[in-house]
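1. Predicted model, plus sequence, below.
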Amino acid sequence: MTVTDPVTPSGPESAGTTSVVSAAPAAPAVPNTSASTSSWPWLAARSLWAFVQAAGYGTTAAALTLYLWAVRAGRILILRPAGPLARFVGRRLAAAGRALGRWCWGRGRSGKRGKVSRKVWRRIRVAFWLLAGAGFWWAAWSLGIGDTGSQIRTALAVAALGFVPGLLRAVFALLAPRLYARFDAWTFRQGQRWWVRERWPVVAAACGLAVRDKDGNEHTAKIKTSAVPGVVTLRVPTLTGQTTRTILDAGEAIATDFGAHSFEVRPVKPGLVALRLFLTNALTTPRTAGVPSVVDLDAVTAGVRLDGAAFRLRVRGRHTLVVGASGSGKGSAFWGLVGGLAPAIPEGLVRVWGVDMKKGVEAGMGEPLFHAVAYTHADAVAILAELVKVIEHRGVEMRGKSRLHVPTSGDPLHVLVIDELADLMAYSDFEVRREAERLLSVILTQGRALGVVVAAFVQNPRQEAVGMRNLYTQKIALRLDSATEAEMVLDSRARTAPAELIDPDAPGTGYLVNEDGTVSLVRFDYWPDELIKATARAYPSPTTADLAPATPAPKPWGNPLAGLDGLDLDTPTTPRKRSPRKNPRNRRPADATTQAAPVDGSTGNTPSTEQETNS
Ligand SMILES: Nc1ncnc2c1ncn2[C@@H]1O[C@H](COP(=O)(O)OP(=O)(O)OP(=O)(O)O)[C@@H](O)[C@H]1O
């Protein structure tokens, strides 16, 4: 539509560019005094007229501007015109729009550097919109919109219109930066939801979720979406002929199509599946752990989830199996658990037993945290036997009274951490292997409710290396070598958790099976050596004397394999303990009792099971 410009004098120039349309709005009267031309009604009328002209002359420019505006708001318009050339141009424009959208909104950058860059870029963008918007308005205004009706000038005015939202945002950001940040995040989330909903029919059809009616028309399910920062959740109902599994199976393809870093699928109720798409990735930057001041024995905070939320690792009532290839970051998981429990160790609320078959390179770093630690097969078996005794005593104590042990400072939660389980279960002598398997199966089957839990770390998830894989009630797959290994750890859930594809440059990253059966990508915080040592210094395990100074001396560790004649086990046959002299708590005068007790170097702070039950 074109309109005449009532304030433009008629002449050859204007006549050539306009045609009369009867529905054209009337132009405001133009008072001819300098005072009135600067009055507000005049300015408003003039702006309105510029807008009307824009609708007339600048249709193309307006469309382009609106397109850019929509792209800037994170909303990609899909152009579907007929013809290959138009499709090509449409695709190129959409790609450029996506790039522009990413640039404008800082999507894809994450971590600390991303944070800084997002902050800087946001300011640059605000300044840009402010200057560009003001510049366009000035250019349009100073060229005298409405006076001549020139298409170029009108196009400039239309472009200026496109800057109105940016301009308003800039002013908003300057006046109320905090509120603006929330508004910015909200609009971004709404943009993401809108984008997902718009693309859904195409994606669903491509991922095999469309069904045909009797007339041959394709239909896709109507979805509902919700969003929290970085995560869009789709609630997808099943269509006739589909099952929940149909949607679960399509999850990976859908996530890939939306460019999600990861996804989670969960059946909500019969015929409805929730699919969470993680559009940002909080796991790219490694985080250094911090020791908590307060410990919850039910679960420790060990790292971060994809959406940036803290990830809590269950401890009480769970046996944990962590499997990961060499260099996948099992050390972070190991210390995430032990270090996370550290503040409860001196109080005697938790007692950590260590078995480190890598000659102590891992557990040795924080040895004071452990109640007892074994670096040889024989010591490891002795620790297992000791824990079986705890189970037997507790079983008698708790019978008919309680079904889940509640740790107290005299009656702690026992946590056995085993680094390189395969060395004990697969690569040791036959007799050791058999005994270790027997004892460990007792702990794994009976220990959970009785307050004795196991966390085992292993490179090889195969049956011969892990033994009773199914007895572990919490499994974590760090980076693995093949899809088969991922399946061994995560069973059928491996379909939604490709642990073999985890980035080798992101050690500590792994898939965790949640309480509800879904699988989440998490990253353990990193524990540097210095932090481990400092934690061990701050929270040493109490000695026997600290726990029960008046009780008789602890019984020396018996050899649990004593009944097995002719065994040639590693020596010594008792678990290797840190020397009581090394433990700063033993140097206190009150420790006279400890010194008087016949504590051999290896059993110094290891009470017998009877003592523990008594205390
Ligand atoms: N959470 C983490 N964030 C960043 N870097 C990490 C993290 N965890 C581990 N790393 C780095 O990855 C390297 C390998 O980690 P780690 O020794 O824990 O692997 P592993 O699985 O125990 O390997 P192996 O089984 O061979 O001992 C370490 O040197 C460490 O620098």
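-> Yep, that arrived. As the structure is a computational prediction, the values presented were derived from the model and not from experiment.

2. So which residues on the stretch 451-600 of the chain come close to the ligand?
-> Contact residues (CB under 6 Å from any ligand atom) of the stretch 451-600 of the chain with the ligand: Gln459, Pro507, Gly508, Phe524, Asp525, Tyr526. Backbone N, C-alpha and C define where each C-beta goes, glycine included.

3. Okay, and the beta partners of the last one?
-> On DSSP bridges, the residues paired with Tyr526 through beta bridges are Thr288.

4. how deep is Arg318 tucked in, by neighbour count?
-> For Arg318, the tally of surrounding residues (other CB atoms under 10 Å) stands at 17.

5. Same check on Leu234?
-> What Leu234 shows, counting by other CB under 10 Å, is a neighbour count of 26.

6. ranges for the strands of the stretch 101-250 of the chain?
-> Taking DSSP state E, counting those that start in this stretch, the strands of the stretch 101-250 of the chain run over residues 211-212, 218-219, 224-228, 231-237.

7. and the ligand, which of those is closest to it?
-> Nearest to the ligand, of all these, is strand 231-237, at 21.9 Å by CB to the nearest ligand atom.

8. Report the rounded mean pLDDT for the closest one.
-> Summarised as a single mean, pLDDT over strand 231-237 is 92.

9. What is it packed up against?
-> helix 177-206, strand 224-228, strand 272-278 (3 or more CB pairs under 8 Å, 6 or more residues apart in numbering; DSSP states H and E).

10. Name every strand pairing with it and say which way it goes.
-> With DSSP bridges as the test, strand 231-237 pairs up with strand 224-228 (antiparallel), strand 272-278 (antiparallel).

11. Mean neighbour count, the ones you listed: which tops it?
-> strand 272-278 (a mean of 22; mean count of other CB atoms under 10 Å).

12. Residues touching it, excluding its own?
-> 196, 230-238, 244, 247-248, 251, 254-255, 258, 260-268, 306-307, 521 (CB atoms under 8 Å, 6 or more residues apart in numbering).

13. Mind checking which of those are in helices?
-> The members of the contacts of strand 272-278 that map onto helices under DSSP state H are Val196, Thr244, Ile247, Leu248, Gly251, Ile254, Ala255.

14. Now distance to the ligand too, for the residues you listed, in CSV please.
-> Output for those, formatted as CSV (distance: CB to the nearest ligand atom, whole Å):
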residue, distance to the ligand
Val196, 31
Thr244, 34
Ile247, 33
Leu248, 30
Gly251, 27
Ile254, 29
Ala255, 24
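
15. out of the residues you listed, which is most surrounded?
-> In the ones in helices among the contacts of strand 272-278, the most neighbours by other CB under 10 Å go to Ile247, 26 neighbours.

16. nearest residue to it other than its sequence neighbours?
-> Val273 (4.4 Å; CB to CB, 6 or more residues apart in numbering).

17. Over to Asp249?
-> Arg495 (7.2 Å).

18. Could you pull up the contacting residues of that neighbour?
-> Contacts of Arg495 (CB under 8 Å, 6+ apart): Leu248, Asp249, Glu252.

19. which residues of the stretch 351-500 of the chain fall in helices?
-> Assigned by DSSP state H, counting those that start in this stretch, the helices in the stretch 351-500 of the chain fall at 377-398, 421-425, 430-446, 463-466, 483-490.

20. how is the chain carved up into domains?
-> Domain ranges of the chain: 123-132+151-175, 189-278, 299-539, per the TED database.

21. Can you tell me how far Thr288 is from Trp527?
-> 8 Å (CB to CB, to the nearest Å).

22. neighbour count winner among these two?
-> More crowded of Thr288 and Trp527, by other CB under 10 Å: Trp527, with 26 against 9.

23. per-residue pLDDT, the more buried one?
-> 93.

24. Please state the backbone phi and psi of it?
-> Dihedral pair for Trp527: phi -110, psi 100, per degrees, to the nearest 10.

25. give the contact list for it.
-> Thr288, Ala289, Gly331, Ser332, Trp335, Gly336, Gly339.

26. Narrow those to those that are buried.
-> Buried members of the contacts of Trp527, counted by 16 or more other CB atoms under 10 Å: Ala289, Gly331, Ser332, Trp335, Gly336, Gly339.

27. residue contacts, the first one?
-> Contacts of Ala289 were listed using CB under 8 Å, 6+ apart, and they are Ala302, Ser332, Trp335, Gly336, Gly339, Asp525, Tyr526, Trp527, Leu531.

28. before we move on, what about the third one?
-> When contacts are counted by CB under 8 Å, 6+ apart, Ser332 is found next to Ala289, Gly303, Pro507, Gly508, Phe524, Asp525, Tyr526, Trp527.

29. Give me the nearest residue to whichever residue of the stretch 301-450 of the chain sits closest to the ligand, chain neighbours excluded.
-> With CB to the nearest ligand atom, the shortest gap between the stretch 301-450 of the chain and the ligand falls at Gly331, namely 2.6 Å. Nearest residue to Gly331 in three dimensions, chain neighbours excluded: Glu362, at 6.0 Å (CB to CB, 6+ apart).

30. Pick out the residue in the stretch 151-300 of the chain sitting closest to the ligand.
-> Here the stretch 151-300 of the chain gets closest to the ligand at one residue, Pro286, 3.4 Å apart by CB to the nearest ligand atom.

31. list the contacts for that residue?
-> Pro286 neighbours (CB under 8 Å, 6+ apart): Ala506, Pro507, Gly508, Arg523, Asp525, Tyr526.

32. pLDDT score assigned to Leu569?
-> 36.

33. brain fart, Thr288
-> 87.

34. Could you number the chain from 612 rather than 1 from now on?
-> New numbering, starting at 612: the last item is Thr899.

35. Now do the contacts for it.
-> By CB under 8 Å, 6+ apart, Thr899 lies in contact with Asp1136, Tyr1137, Trp1138, Pro1139, Leu1142.

36. of these, closest to Val999?
-> Trp1138 (29.9 Å; CB to CB).

37. Could you check which helix or strand contains the spatially closest residue to the closest one that is not a sequence neighbour?
-> Closest residue in space to Trp1138, ignoring its immediate chain neighbours: Trp946 at 3.7 Å, by CB to CB, 6+ apart. For Trp946, the element it lies in under DSSP states H and E is helix 941-952.

38. average pLDDT for that helix?
-> Across helix 941-952, pLDDT averages out at 93.

39. sorry, back to before: from Gly862, how far out is the residue of the stretch 912-1061 of the chain closest to the ligand?
-> Gly942 is 31 Å from Gly862, where distance means CB to CB.

40. Equivalent analysis for Ser1131, please.
-> 13 Å.

41. Check Glu1098 too.
-> From Glu1098 to Gly862 the distance is 16 Å (CB to CB).

42. swap in Asp1116?
-> 25 Å.

43. number of nearby residues for the closest residue to the ligand within the stretch 1062-1211 of the chain?
-> Nearest residue of the stretch 1062-1211 of the chain to the ligand: Gly1119, at 2.4 Å (CB to the nearest ligand atom). Other residues near Gly1119 number 28, with proximity taken as other CB under 10 Å.

44. With adjacent residues omitted, what lies nearest to it?
-> Gly940 (3.5 Å).

45. residue contacts, that neighbour?
-> Leu1089, Arg1090, Pro1118, Gly1119, Thr1120, Gly1121, Phe1135, Tyr1137.

46. how about these, which pair is most distant?
-> Arg1090 and Tyr1137 (15.1 Å).

47. Tell me which of the two has more neighbours.
-> Set Arg1090 next to Tyr1137 and count neighbours by other CB under 10 Å: Arg1090 wins out with 25 against 18.

48. Just the endpoints, please. Distance across stretch 1017-1028?
-> 20 Å (CA to CA, to the nearest Å).

49. Contacts for that stretch next, please.
-> Against stretch 1017-1028 from outside (CB under 8 Å, 6+ apart): 908, 926-927, 945, 948-949, 952, 958-966, 974, 994-995, 998, 1001, 1016, 1054, 1058, 1062-1068, 1158-1159, 1223-1224, 1226.

50. so where is this protein shaky, pLDDT-wise?
-> Low-confidence segments of the chain (pLDDT under 70): 612-651, 654-734, 736-737, 740-741, 743-781, 1154-1226.
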